[in-house]
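Trainee: No letters, just coordinates:
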């Protein structure tokens, strides 16, 4: 079970990196990137890993900065927004 979770997390991170690259070149919007990351990862409640991956994409799109480099308030905003977007995507799938 732990191996499957680890593999799913690795896949989510890899996909987030790919979508982040598309986002950086202007191919997709932040909302599309975050939704795509989520759909690729799973269709259940978002995990902390998925929220963090989505928040990193959102931070880059909104602030032009890495999530870890943002002030605490901006970081919380990114995490909260990403979580809400993933939850909305989950509702849309069901």
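Mentor: Perfect, thanks for sending it. If you're wondering where the values come from, they're calculated on a predicted model, not measured in any experiment. Residues are numbered from 1 along each chain as shown.
Trainee: Could you check how far residue 76 is from residue 63?
Mentor: According to C-beta to C-beta, to the nearest Å, residue 76 stands 13 Å off from residue 63. From N, CA and C alone the C-beta is placed, and that goes for glycine too.
Trainee: Please apply the same query to residue 46.
Mentor: Taking C-beta to C-beta, one finds residue 46 at 21 Å from residue 63.
Trainee: buried ones in stretch 80-92?
Mentor: For stretch 80-92, the neighbour count (16 or more other C-beta atoms under 10 Å) marks 81, 82, 83, 85, 86, 89, 90 as buried.
Trainee: Isn't the third one up against residue 46?
Mentor: I take that to be residue 83. Yes. Between residue 83 and residue 46 a contact is recorded at 6.4 Å, counting by C-beta atoms under 8 Å.
Trainee: Show me the common contact partners of these two, please.
Mentor: residue 54 (C-beta atoms under 8 Å, 6 or more residues apart in numbering).
Trainee: who touches residue 74 in this structure?
Mentor: 59, 63 are the contacts of residue 74 under C-beta under 8 Å, 6+ apart.
Trainee: Let's verify it: helix, strand, or coil?
Mentor: helix (DSSP: H, G, I helix; E, B strand; the rest coil).
Trainee: Quick check, pLDDT for it.
Mentor: Turning to residue 74, the model gives it a pLDDT of 94.
Trainee: Quickly note the distance from it to residue 45.
Mentor: 25 Å.
Trainee: Any stretches of this structure with poor pLDDT?
Mentor: Confidence mapping of the chain against pLDDT under 70 gives the ranges 1-44, 92-94.
Trainee: so where do the helices sit in it?
Mentor: 2-24, 30-41, 48-63, 72-93 (DSSP state H).
Trainee: same for the third one, what does it pack against?
Mentor: Spelled out, it's helix 48-63. Counting contacts by 3 or more C-beta pairs under 8 Å, 6 or more residues apart in numbering; DSSP states H and E, helix 48-63 is packed against helix 2-24, helix 30-41, helix 72-93.
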